[in-house]
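Asker: Everything below, folded, please.
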Amino acid sequence: MVAPAFDYVAADSYDEAVRLLAAGGDDAKILAGGQSLMPMLNLRLAHPDLLIDINQADQRAPSVADGVLRLPALTRHRVLLEHDLVRRGCPLLAGAVRHVGNVRVRNRGTIGGSLAHADPTSEIGSCALAAGARVVVRGPGGDRTVPADELFDTYWTTTLAPAEVITDVLIPVARPRQGWSFQEMVRRTSDFAIVAVAALVELDERAEVITAARVALAGVADRVTLADPDLLTGLTGGNGSIDAAAGAIADRLEPGTDVHASGEYRRRLARVLVARALRESCARARAAGEPA
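Answerer: Numbers count the residues shown, from 1 in each chain. Modelled structure (predicted):
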């Protein structure tokens, strides 16, 4: 398989990338890690006239300020897995990234590229939803911030304007009595998820009642989706209430059927994985709230 012919430009800044995107229109594409784009080029599912390489546009590292973990869009998956600030600030993301592809994909793939690709089975996309992330994007009119809840539209499609580029991902830093879990089912290691669940749970001071929770699911719709938080807030964290909440979440899903699994199997799998994620999140939240 051979990619179609295209022109190539290396942008020195995000501003230059935006100008090139605006000039190129629908025939221009951004190249970051290339782990999603290059296979699509080789399969001729994408055929841009211009590739805009942004790898030299930003050399920043992850940082924390005012309770927010800032991840530059070009942060590699390997950095998300290994960086101390990410492990402490968003352990959910650091834990989930080990499930992304293989070591070669993690060495090149970027967080911004993954979110912009908007794969409905995305581990990183589901973590962004569960963590309440915000995405900073730059376009011809300047910068704007988009909540992760509003970023994904449908299969491989975001709400970004054609000439906008993701520059940063902002995630609230983990708090005391907060626990996380990432669960997924794959046919083989490094495959795309059949169903994946990312959960972030916060308990009350007695570590008995869930005061806040965000559970995101991948592989069950045309985009990663967030479960209704009203189904989770106020739960005692016991097995009975968790199983009931997981069942209620699964019952609201309408997953499709494909060559990998039927819609009903995905719904049943979602019920099991949500329950596992909630139990593990509550256990971690209790441990996080214990005195050192």
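Asker: going forward, measure contacts between C-alpha atoms and count neighbours the same way
Answerer: OK.
Asker: Tabulate the CA atom coordinates of the helix or strand hosting Leu69 in PDB.
Answerer: Using DSSP states H and E, Leu69 sits in strand 68-72. Output in PDB follows, covering the C-alpha atoms of strand 68-72 (Å, rounded to 0.1, in the frame of the first residue of the first chain):
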ATOM      1  CA  VAL A  68      -4.500  22.400  36.700                       C
ATOM      2  CA  LEU A  69      -2.300  20.000  34.800                       C
ATOM      3  CA  ARG A  70      -1.400  21.500  31.500                       C
ATOM      4  CA  LEU A  71      -0.400  19.000  28.800                       C
ATOM      5  CA  PRO A  72       0.900  20.500  25.500                       C
END
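Asker: Could you point out the helix or strand that follows that strand?
Answerer: helix 77-82.
Asker: so what secondary structure elements neighbour the following helix or strand past that next one?
Answerer: Sequence-wise, the next helix or strand downstream of helix 77-82 (DSSP H and E) is helix 84-89. Counting contacts by 3 or more CA pairs under 8 Å, 6 or more residues apart in numbering; DSSP states H and E, helix 84-89 packs against strand 68-72, helix 77-82, helix 91-97.
Asker: Could you list the buried residues of helix 84-89?
Answerer: 85-87, 89 (16 or more other CA atoms under 10 Å).
Asker: re earlier: can you convert the helices and strands packed on helix 84-89 into JSON lines and add a column each for distance to Thr189, mean pLDDT and mean neighbour count?
Answerer: Converted to JSON lines, the helices and strands packed on helix 84-89 look like this (distance: least, CA to CA, whole Å; pLDDT from 0 to 100; neighbours: other CA atoms under 10 Å):
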{"stretch": "strand 68-72", "distance to Thr189": "26", "mean pLDDT": "98", "mean neighbour count": "22"}
{"stretch": "helix 77-82", "distance to Thr189": "17", "mean pLDDT": "97", "mean neighbour count": "20"}
{"stretch": "helix 91-97", "distance to Thr189": "13", "mean pLDDT": "97", "mean neighbour count": "23"}
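Asker: Serialize these to a markdown table and add fields for distance to Val173.
Answerer: A markdown table is the format used below for the helices and strands packed on helix 84-89 (distance: least, CA to CA, whole Å):
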| stretch | distance to Val173 |
| --- | --- |
| strand 68-72 | 5 |
| helix 77-82 | 14 |
| helix 91-97 | 9 |
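Asker: Do you have the strands of the stretch 101-250 of the chain handy? List them.
Answerer: 134-139, 142-147, 152-154, 157-158, 165-172, 178-185, 195-203, 210-218, 225-226 (DSSP state E, counting those that start in this stretch).
Asker: So which of those is nearest Leu37?
Answerer: Nearest to Leu37, of all these, is strand 157-158, at 13.5 Å by CA to CA.
Asker: quick one: strands adjacent to the closest one?
Answerer: strand 152-154 (antiparallel) (DSSP bridges).
Asker: Buried residues in the partner strand, which are they?
Answerer: Neighbour-count burial for strand 152-154 [16+ other CA under 10 Å]: 152-153.
Asker: who touches that strand?
Answerer: 118, 120, 158-159, 222-224 (CA atoms under 8 Å, 6 or more residues apart in numbering).
Asker: picking up where we left off before, got the angle for the strand holding Leu69 vs strand 134-139?
Answerer: 40 degrees (axes from the mean of the first three to the mean of the last three CA atoms, to 10 degrees).
Asker: which helices and strands does strand 68-72 pack with?
Answerer: Using 3+ CA pairs under 8 Å, 6+ apart, strand 68-72 sits against strand 63-65, helix 84-89, strand 165-172.
Asker: could I get these as JSON lines with mean pLDDT?
Answerer: JSON lines is the format used below for those (pLDDT from 0 to 100):
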{"stretch": "strand 63-65", "mean pLDDT": "98"}
{"stretch": "helix 84-89", "mean pLDDT": "98"}
{"stretch": "strand 165-172", "mean pLDDT": "98"}
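Asker: quick one: which of those is nearest Asn42?
Answerer: Here strand 165-172 is closest among the helices and strands packed on strand 68-72 (CA to CA), at 23.3 Å.
Asker: List the strands paired with the closest one, with their directions.
Answerer: strand 68-72 (antiparallel), strand 134-139 (antiparallel).
Asker: Work out the gap between the last one and the centre of the chain.
Answerer: I take that to be strand 134-139. 15 Å (CA atoms, centre = their mean, to the nearest Å).
Asker: just the angle between that strand and strand 142-147, please?
Answerer: Using the same axes, to 10 degrees: strand 134-139 against strand 142-147 is 150 degrees.
Asker: Just the CA coordinates for strand 134-139, please, in PDB.
Answerer: Output in PDB follows, covering the C-alpha atoms of strand 134-139 (Å, rounded to 0.1, in the frame of the first residue of the first chain):
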ATOM      1  CA  ARG A 134     -10.700  21.200  28.600                       C
ATOM      2  CA  VAL A 135      -9.000  21.600  25.300                       C
ATOM      3  CA  VAL A 136      -7.300  24.800  24.100                       C
ATOM      4  CA  VAL A 137      -7.500  25.300  20.400                       C
ATOM      5  CA  ARG A 138      -6.000  28.000  18.200                       C
ATOM      6  CA  GLY A 139      -7.600  29.300  15.000                       C
END
